[in-house]
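> Give the three-dimensional model of this entry:
(2 chains)
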2 protein chains.
Amino acid sequence: MEVTNRYITIKNNIDGVPQHSDFELKAADFVLSLQPGSKDVIVKNLYMSVDPYQINRMKSYSSTQTTTSFGYANAIHPGEAIEAYGLGKVVASGNPDFQKDDLVVGFLSWGEYCVIKPGGMLSKLDPLGFPLSNHVGTLGIAGLTAYAGFFKVCKPKKGEKVFVSAASGAVGNMVGQYAKLFGCYVVGCAGTKEKVVLLKEKLGFDDAFNYKEETDLKSTLERYFPDGIDIYFDNVGGEMQEAAVDRMNIFGRVAVCGVISQYTDEKIQATPNMVDVVYKRITIQGFLAGDYLNLFPEFVSRTSDHLRAGKIQSLEDIYDGVENIPSAFISLFQGKNVGKIIVRVAKD
Amino acid sequence: MEVTNRYITIKNNIDGVPQHSDFELKAADFVLSLQPGSKDVIVKNLYMSVDPYQINRMKSYSSTQTTTSFGYANAIHPGEAIEAYGLGKVVASGNPDFQKDDLVVGFLSWGEYCVIKPGGMLSKLDPLGFPLSNHVGTLGIAGLTAYAGFFKVCKPKKGEKVFVSAASGAVGNMVGQYAKLFGCYVVGCAGTKEKVVLLKEKLGFDDAFNYKEETDLKSTLERYFPDGIDIYFDNVGGEMQEAAVDRMNIFGRVAVCGVISQYTDEKIQATPNMVDVVYKRITIQGFLAGDYLNLFPEFVSRTSDHLRAGKIQSLEDIYDGVENIPSAFISLFQGKNVGKIIVRVAKD
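Residues are numbered from 1 along each chain as shown, chains lettered A, B, ... in the order given. This is a model prediction of the structure:
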């Protein structure tokens, strides 16, 4: 059987802030059956993730594209299908590990259908009674990033003071919720009044502020952290990181999860004061969730329990239709998103 | 008995590169006996250390002075005696742990005599058959800094590629020697041709270069580390740190031991690329030897064995006389020193 597969490509490399004109919706004939002997898996995409790091794959050059240990660092070329994390349903499988109609998560693509070659990242999914979209956000890679970053990189102790930037974002909101459940004092920053209210009233952050209303981040952090910061979960880099290092306590830890400000403007960089780093014995550590896939079962088990008990809220912002993937992706860089942005390509 | 104690003070706070005119040699009457009931220890200073971090204590303001966990972060005020690590001999003791003529190491002062109050850092020294000066350098805090920084902060694996800046300095030269003994590939940088020759021919570094002859540090490091850097032992901060992060392999580690470039010029700062820090999962960690005093026995035991076996060279640059302490200290900031700079205040 043949269908039309609509999918998104980039028309050109993107070296700044992504625009609608950088993307194109294409349509191509797509065969839903496999050649005899094929070991491929054909997947119908249901829920697709859009993530800030993908902009680095779309650039004409980025040092990240040569970081060979993860496939998802590879460059995306204009006209090609765009790989992304997502959830789908198996249409046909030449791989004995997968059967027709299995739900799967893994590296699919920004389109209606995709073919996963042997070696591609794909796992069977038990939805555990949760909405499917949760498995692309709270129970997916974004959640794992928060879980591994907070517990394994930040190595928290109860009562420590935790600061989270982009705190209403896909990863930040989960970090704050984990930190509160763990017994830390948590302050988040975000870019609108509504987000600040959400952090304090819905997610239980001890406090939150709108960084756009602040003129001197160092004194802002002094106000919110009179006893200093022990852990800074950094989603943005730049000036906010400098201010956090300035306010950090001895043996403070900065987990650098992402540098969204720098992804679209290389001139925005962080200059953390190295004298502070030495004297306060600060650790600044970058990490990627891909190094913590072994934690996935533990992460899903604990997070599911918290979700069922109503102790963690799943914040999602769902766009509908493959044609809206570019809008969803662009919104990441406009600070519009609350929680995890997901595109529902098909309902089942 | 009363003597004249000659000692060094600062005439004013020092906020830039230290000059001779910032220092003063003073002389004052000094009583060599204790009041009845006193628990003080009177020490005749023999070998005194001069260390870059001391400049931060001499500033009119430095955030380092408020890092309360170490006494040696405290501000030094003009006219006061200047605390410093050193080796001396007990003249009189009201502390039952010390007897007259005991050799001691600890926080003494830049003068001929000092009084150590209860709670001051002071330990009895067994010279183990080594020249006394060794206990202020190779077997003192400088050596411990190298030992703890390399083995505990850098967590090396055999065969890893190690880069050391200020590699002929008190700490750097020891790091390089430890790294070679451990089985790493080691490249050092220094600021003169003579130092480069020394690193390669006397200390056994695999390679070394004069950073003053280089115009583009990133391509320099590409040349010396075609397979990337796994560990950067950072004594200088600034542009060299940025270049090292650029050249770093995945899971690379930067141990920030000191930021000498920034101590005398706050405008010199490091802007390590945080995108690299994330994607290459780099850890940048500041440390102070004071956190590793528990390693002292292990460090002395291993390092003594290496010294006796001729596997580690003790690099010392000895100045004579209390009046030459300012010259010795100033030389630290002029890149003149080779190895550990020590001032012999008295021979015994």
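
> so what pLDDT did A:Pro127 get?
If you check A:Pro127, the pLDDT there is 96.

> tell me the contacts of the residue nearest to A:Thr138 when sequence neighbours are not counted?
Spatial nearest neighbour of A:Thr138, chain neighbours left out: A:Ser314 (4.2 Å); criterion: C-beta to C-beta, 6 or more residues apart in numbering or on different chains. Placement of C-beta: from N, CA and C, glycine included. A:Ser314 is in contact with A:Asn134, A:Gly137, A:Thr138, A:Leu307, A:Gly339, counting by C-beta atoms under 8 Å, 6 or more residues apart in numbering or on different chains.

> Let me see the backbone angles for A:Ser314.
A:Ser314 adopts backbone torsions of phi -100, psi 110, taken as degrees, to the nearest 10.

> Test for you: state the pLDDT assigned to it.
Turning to A:Ser314, the model gives it a pLDDT of 97.

> partner strands of the longest strand seen in chain A, parallel or antiparallel?
Longest strand in chain A by number of residues, with DSSP state E as the criterion: strand A:83-93. Using DSSP bridges, strand A:83-93 pairs in its sheet with strand A:41-49 (antiparallel), strand A:103-109 (antiparallel).

> CA-only coordinates of that strand, as CSV, when you get a sec.
Extracted in CSV, the C-alpha atoms of strand A:83-93 (Å, rounded to 0.1, in the frame of the first residue of the first chain):
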residue,chain,number,x,y,z
GLU,A,83,15.3,13.2,12.8
ALA,A,84,13.7,13.8,16.2
TYR,A,85,12.5,12.0,19.3
GLY,A,86,9.0,10.9,19.1
LEU,A,87,6.3,8.2,19.7
GLY,A,88,4.7,6.2,16.9
LYS,A,89,3.0,3.0,16.0
VAL,A,90,4.6,0.2,13.9
VAL,A,91,3.1,-0.3,10.5
ALA,A,92,5.4,-3.0,9.3
SER,A,93,8.5,-4.6,10.7
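
> Show the average pLDDT along that strand.
On average, strand A:83-93 scores 97.

> just stretch A:141-157 next, same as before
97.

> tell me which residues in it are buried?
Judged by neighbour count (16 or more other C-beta atoms under 10 Å in any protein chain shown), stretch A:141-157 contains these buried residues: A:141-151, A:153-154, A:156.

> what's near enough to touch the most centrally placed residue in chain A?
Centroid-nearest residue in chain A: A:Ala142, 4.2 Å away (criterion: C-alpha atoms, centre = their mean). Neighbouring residues of A:Ala142 by C-beta under 8 Å, 6+ apart: A:Ser49, A:Asp51, A:Val136, A:Ala170, A:Val171, A:Met174, A:Lys340.

> Buried ones among these?
The neighbour count (16+ other C-beta under 10 Å) marks A:Ser49, A:Asp51, A:Val136, A:Ala170, A:Val171, A:Met174, A:Lys340 as buried among the contacts of A:Ala142.

> Tabulate those in CSV, adding columns for secondary structure.
Shown next, in CSV, are the buried ones among the contacts of A:Ala142 (DSSP: H, G, I helix; E, B strand; the rest coil):
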residue, secondary structure
A:Ser49, strand
A:Asp51, coil
A:Val136, helix
A:Ala170, coil
A:Val171, coil
A:Met174, helix
A:Lys340, strand
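
> Can you tell me which of those is closest to A:Pro272?
The shortest approach to A:Pro272 among these belongs to A:Val171, at 20.5 Å (C-beta to C-beta).

> What residues of the longest helix along chain A count as buried?
In chain A, assigned by DSSP state H, the helix with the most residues is helix A:296-308. Neighbour-count burial for helix A:296-308 flags A:Phe296, A:Phe299, A:Val300, A:Arg302, A:Thr303, A:Ser304, A:Leu307 (criterion: 16+ other C-beta under 10 Å).

> Going by distance to A:Ile268, which of those wins?
Nearest to A:Ile268 among those: A:Phe299, at 31.2 Å, using C-beta to C-beta.

> now the closest one, nearest residue through space, not along the chain?
Leaving aside its sequence neighbours, A:Phe299 sits nearest to A:Tyr147 (C-beta to C-beta, 6+ apart; 4.4 Å).

> so the one you found touches A:Val171, yeah?
No. The pair A:Tyr147 / A:Val171 is not scored as a contact, 9.6 Å apart, by C-beta atoms under 8 Å.

> any shared contact partners between the two?
Common neighbours of A:Tyr147 and A:Val171 are not found (criterion: C-beta under 8 Å, 6+ apart).

> Residue numbers of the stretch 101-250 of chain A in contact with chain B?
By the rule C-beta under 8 Å from any C-beta of the partner chain, the part of the stretch 101-250 of chain A lying against chain B is A:Gly237, A:Gln241, A:Asp246, A:Ile250.
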